[in-house]
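A.B. asks: Sequence first, predicted model second:
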Amino acid sequence: MKKIIQKGFEKLTAEKIFAKPDMKHWRFMTLSIVLILLIIGLGIHYQIDELVVASFALVVAVVSGAFAWGVGVVGLVPIIGPLVIKILSIPLVWLINGIGYLISFIAIKRGYSKDVLTYRGLTITLIVGIVIGFVLSHLIR
């Protein structure tokens with residue numbers, strides 16, 4: 001894989017994005033989790049507003065990849081793990097769909113009805129594809 005450096009940033013390539021994860025990353029993720037727990041502990045100790053502490057911890061978790069790593073670790077627990085992941089992910093899909101309906105309503109009121117139809121069609125196609133993939137994956141098992 002060829003590395004290209006542009007002003008201090010690595011250029012993302014398909015090989016870099018879809019690279020097989022190293023087992024060496026567990027140290028970094030463990031350190032990230034400890035940092036998040038430290039942030040939460042200090043926030044509670046110094047009585048900082050809960051919303052500020054939770055927001056900062058969530059940002060650190062998402063930026064470091066610890067959130068995705070933690071979800072993966074929970075998913076590894078036999079029988080219970082995949083159920084927990086499914087229960088947590090379904091409301092997120094509903095929330096995104098609801099926001100889409102709200103934005104569509106506002107856009108139609110402003111006169112963008114053709115664009116709304118195009119994007120809602122793409123969204124419905126994506127959701128149908130996800131459902132078909134989900135069903136096929138359970139049938140193949």
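C.D. replies: Sure thing, it's come through.

A.B. asks: Return the distance of Gly123 relative to Tyr101.
C.D. replies: For residue 123 the amino acid is Thr, not Gly. Plainly put, Thr123 is 10 Å away from Tyr101 if you go by C-beta to C-beta, to the nearest Å. The C-beta positions use only the backbone N, C-alpha and C, and glycine is treated the same way.

A.B. asks: More neighbours: these two, which one.
C.D. replies: Thr123 (15 against 11; other C-beta atoms under 10 Å).

A.B. asks: which residues in this structure form helices?
C.D. replies: Assigned by DSSP state H, the helices in the chain fall at 14-17, 25-45, 50-64, 66-75, 80-109, 113-140.

A.B. asks: Throw the ones you listed into JSON lines and include mean pLDDT, thanks.
C.D. replies: Shown next, in JSON lines, are those (pLDDT from 0 to 100):
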{"stretch": "helix 14-17", "mean pLDDT": "58"}
{"stretch": "helix 25-45", "mean pLDDT": "87"}
{"stretch": "helix 50-64", "mean pLDDT": "83"}
{"stretch": "helix 66-75", "mean pLDDT": "82"}
{"stretch": "helix 80-109", "mean pLDDT": "83"}
{"stretch": "helix 113-140", "mean pLDDT": "82"}
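
A.B. asks: Can you tell me how far the residue sitting furthest away from the middle of the chain is from Leu126?
C.D. replies: Distance from the C-alpha centroid of the chain peaks at Gly111, with 32.2 Å (C-alpha atoms, centre = their mean). Gly111 sits 25 Å away from Leu126, going by C-beta to C-beta.

A.B. asks: Could you do His25 as well?
C.D. replies: Distance from His25 to Leu126, by C-beta to C-beta: 30 Å.

A.B. asks: just Pro78 next, same as before
C.D. replies: Taken as C-beta to C-beta, the span from Pro78 to Leu126 is 31 Å.

A.B. asks: before we move on, what about Pro82?
C.D. replies: Distance from Pro82 to Leu126, by C-beta to C-beta: 22 Å.

A.B. asks: Who has more neighbours out of these two?
C.D. replies: Of the pair Pro82 and Leu126, Pro82 is the one with more neighbours under other C-beta under 10 Å, namely 13 against 10.

A.B. asks: can you pull the contacts of the residue lying closest to that one once chain neighbours are set aside?
C.D. replies: Nearest residue to Pro82, sequence neighbours excluded (C-beta to C-beta, 6 or more residues apart in numbering): Gly75, at 5.9 Å. Applying C-beta atoms under 8 Å, 6 or more residues apart in numbering to Gly75 gives the contacts 81-82, 84-85.
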